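Enquirer: Provided below are the primary sequence and the corresponding predicted coordinates.
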Amino acid sequence: MSTDQQSNVALPIRPPYLFDPETVQERIRPLPRTAELIHLKKRVGEESLAFPRLQKTEREILRVLGRANLYEHLDDLLASLERCLERGWNAHQLGARDRHEFASLMSDLQVAEHCLLREFTIESPVGLPIEGVKPDLYVRKGDVGAIIEVFRPRELPAFHDFLTDVSRLLMETDVRLDYHADVKLECLSDFDAAGRLVSPWHPVDLDEALAPVAEEALGRVAAEFAVLEPALKRTLVEEWPERNLKLVVELEDVRASDGDEPARSVYCGKSYGGYEPVVMLARLMEPIVAKAKKRQAGERGEEARVLICDVSQAIVAAHLDEPYRRERFVAVLRGELEPQVERNYDVIALCERRTWHTPLRLDFAVSADAYSSVVGELFGSVATVG
């Protein structure tokens, strides 16, 4: 696309994902169960204007599959997916267009693989004659059976959604340009009106400042990209003085694409600091408790009801193994989750995903009386909080 043509086009703030149908076909050909779920009708998109070989789609799985070298560990992900499908897991929502649904599915997949690595058999509730809300997984090893619900709690939704959206805008915009982009959210002033230091942003304050202007910010970036020209360096700066918020997008080596697909990279800085990890864990309890109260694993019975919370992306995850905070972490977990394992679940576990083909890392588990052995079978020799 020429610069003149590009300047007359209004770019979407959440562009469809660019993908190569031939690359998708090549990757799923040796994976019959995966190919069955991502059938031909799900592999058809709208033609790209800037890259004739590519098409555009809203399906998250094609974002992952459809670019040559965009995602690390893709082969491992596909091998894990195929293995779990072979062993009884079901991923009927693999063609999801909603990114949160797809992210939750990846957490479900990692839990299913974890259970296989721990020598459990797995069974999906999909297709079973179950009334009401279904759990995510049934697992069994010898005399130990569990009904598992997987939950990926969301925190700072405006902040995380914005970083995902701006990365999508920069990576997927259908213009024939390549570049490296560095995205930062900063304070306009290091001090507030009362003279208090506010830089770097506290994560909660940043989320609240960004939420009302996130759509506008994406629109401003899209408008700049509609007229972007090749350059060694270009800096886009957008400011909201009333919110003490500044968005900086630094572009390097902006050049016309000469390949079949874009050669771009995007880095989004953390943009926040100055938080107390114990407080952030306490904030994370609210969505976990709300999820537990839904009782998606049913009433107490012969099989343990287990809620596995994937906290890999939580701010506090970087601190959960710090021994000098453990006592205060445990106090939060006891206070918030022990009532839930008395009534709604038998085990609530906070875990982190590492890499494919590797078990989950268990950070903490809270269990009702007589269920510590279930935790041991699921996660190895561990000490539970309750």
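Expert: Looks like it came in fine.

Enquirer: Check whether residue 336 sits in a helix, strand or coil.
Expert: helix (DSSP: H, G, I helix; E, B strand; the rest coil).

Enquirer: Quick check: it touching residue 289?
Expert: Yes: applying Cβ atoms under 8 Å, one finds residue 336 in contact with residue 289, separated by 5.9 Å. C-beta: built from backbone N, CA, C; applies to glycine.

Enquirer: what is in contact with the two at once?
Expert: Shared contacts of residue 336 and residue 289, defined by Cβ atoms under 8 Å, 6 or more residues apart in numbering, are absent.

Enquirer: from the middle of its chain, how far away would stretch 19-33 be?
Expert: 23 Å (Cα atoms, centre = their mean, to the nearest Å).

Enquirer: Is the residue nearest the centre of the chain in a helix, a strand, or coil?
Expert: Relative to the mean C-alpha position of the chain, the nearest C-alpha, by Cα atoms, centre = their mean, is the one of residue 103, at 4.6 Å. At residue 103 the chain is in helix, as set by three-state DSSP.

Enquirer: how about the nearest residue to it, chain neighbours excluded?
Expert: residue 152 (6.3 Å; Cβ to Cβ, 6 or more residues apart in numbering).

Enquirer: swap in residue 145?
Expert: Nearest to residue 145 is residue 303, by Cβ to Cβ, 6+ apart, at 4.0 Å.

Enquirer: Pull out the buried residues from the helix or strand harbouring residue 239.
Expert: Assigned by DSSP states H and E, residue 239 belongs to strand 231-240. For strand 231-240, the neighbour count (16 or more other Cβ atoms under 10 Å) marks 234, 236, 238, 240 as buried.

Enquirer: now the second one: how far from residue 215?
Expert: For residue 236, the distance to residue 215 equals 17 Å [Cβ to Cβ, to the nearest Å].

Enquirer: Could I get the CA-only coordinates of stretch 212-225 as PDB?
Expert: The C-alpha trace of stretch 212-225 is given here as PDB (Å, rounded to 0.1, in the frame of the first residue of the first chain):
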ATOM      1  CA  PRO A 212     -11.900   6.100  30.900                       C
ATOM      2  CA  VAL A 213      -9.400   7.000  28.100                       C
ATOM      3  CA  ALA A 214      -8.200   3.600  26.800                       C
ATOM      4  CA  GLU A 215     -10.400   3.600  23.700                       C
ATOM      5  CA  GLU A 216      -9.400   7.200  22.900                       C
ATOM      6  CA  ALA A 217      -5.800   6.300  23.300                       C
ATOM      7  CA  LEU A 218      -6.100   3.400  20.900                       C
ATOM      8  CA  GLY A 219      -7.900   5.700  18.400                       C
ATOM      9  CA  ARG A 220      -5.100   8.300  18.600                       C
ATOM     10  CA  VAL A 221      -2.400   5.600  17.900                       C
ATOM     11  CA  ALA A 222      -4.500   4.200  15.000                       C
ATOM     12  CA  ALA A 223      -4.800   7.700  13.500                       C
ATOM     13  CA  GLU A 224      -1.000   8.200  13.700                       C
ATOM     14  CA  PHE A 225      -0.400   4.900  12.000                       C
END
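
Enquirer: Just the residues contacting that stretch, thanks.
Expert: Counting by Cβ under 8 Å, 6+ apart, residues outside stretch 212-225 touching it are 10-14, 158, 161-162, 165-166, 169-170, 173, 175, 210, 236, 238, 240, 243, 245, 247, 249.

Enquirer: now stretch 318-331
Expert: For stretch 318-331, using Cβ under 8 Å, 6+ apart, the contacting residues are 277-278, 281, 311, 350, 352, 363-364, 385.

Enquirer: same thing but at 6 Å, please
Expert: Contacts of stretch 318-331 with the rest of the structure, by Cβ atoms under 6 Å, 6 or more residues apart in numbering, involve 277-278, 281, 363, 385.

Enquirer: for that stretch, which positions count as buried?
Expert: 319-320, 325, 329.

Enquirer: which of these lies closest to residue 376?
Expert: Residue 376 lies nearest to residue 320 out of the buried residues of stretch 318-331, by Cβ to Cβ, at 19.6 Å.
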